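J.: no sequence on this one, just coordinates:
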């Protein structure tokens, strides 16, 4: 049985050089992360391959340079969605 997993990222271009892992977990923790994001209208992107990698990082650590491209693609998708009416 595969358990749901989730990773939450924060990125403030003006204060940080790279996105940071702010929460991660599986099962009920993942559900809580997703529910919290949804209740605050934070975009939720499903990308299992990226979660496989990000979930290995420690909370409060910035993502490593080798993940910049993959995370940038997610952020670009999110920012494009916010500009839509």
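T.: Alright, I've got the coordinates. Worth saying up front: this structure is predicted, and the values here are computed from it rather than measured.

J.: any idea which helix is longest in the protein?
T.: Counting by DSSP state H, the longest helix found in the chain is helix 68-83.

J.: Give the buried residues for that one.
T.: Neighbour counts over helix 68-83 (16 or more other C-beta atoms under 10 Å) mark 71, 74-75 as buried. Every residue, glycine included, has its C-beta placed from N, CA and C.

J.: Out of these, which comes closest to residue 51?
T.: residue 74 (10.6 Å; C-beta to C-beta).

J.: Give me the secondary structure label for the nearest residue to that closest one once chain neighbours are set aside.
T.: Leaving out its chain neighbours, the residue that sits closest to residue 74 by C-beta to C-beta, 6 or more residues apart in numbering is residue 45, at 5.3 Å. What DSSP: H, G, I helix; E, B strand; the rest coil gives for residue 45 is coil.

J.: Next, residue 45: phi, psi?
T.: phi -110, psi 130 (degrees, to the nearest 10).

J.: measure it to residue 3 for me?
T.: Using C-beta to C-beta, to the nearest Å, residue 45 is found at 19 Å from residue 3.

J.: Show me the shaky parts of the chain.
T.: For the chain, applying pLDDT under 70 flags the ranges 1-2, 82-85.

J.: Can you show me the helices along it?
T.: 28-39, 48-54, 68-83.

J.: Dump those to TSV, plus distance to residue 13.
T.: Shown next, in TSV, are those (distance: least, C-beta to C-beta, whole Å):
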stretch	distance to residue 13
helix 28-39	20
helix 48-54	19
helix 68-83	10
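
J.: Nearest approach to residue 19 belongs to which of the ones you listed?
T.: helix 68-83 (5.3 Å).
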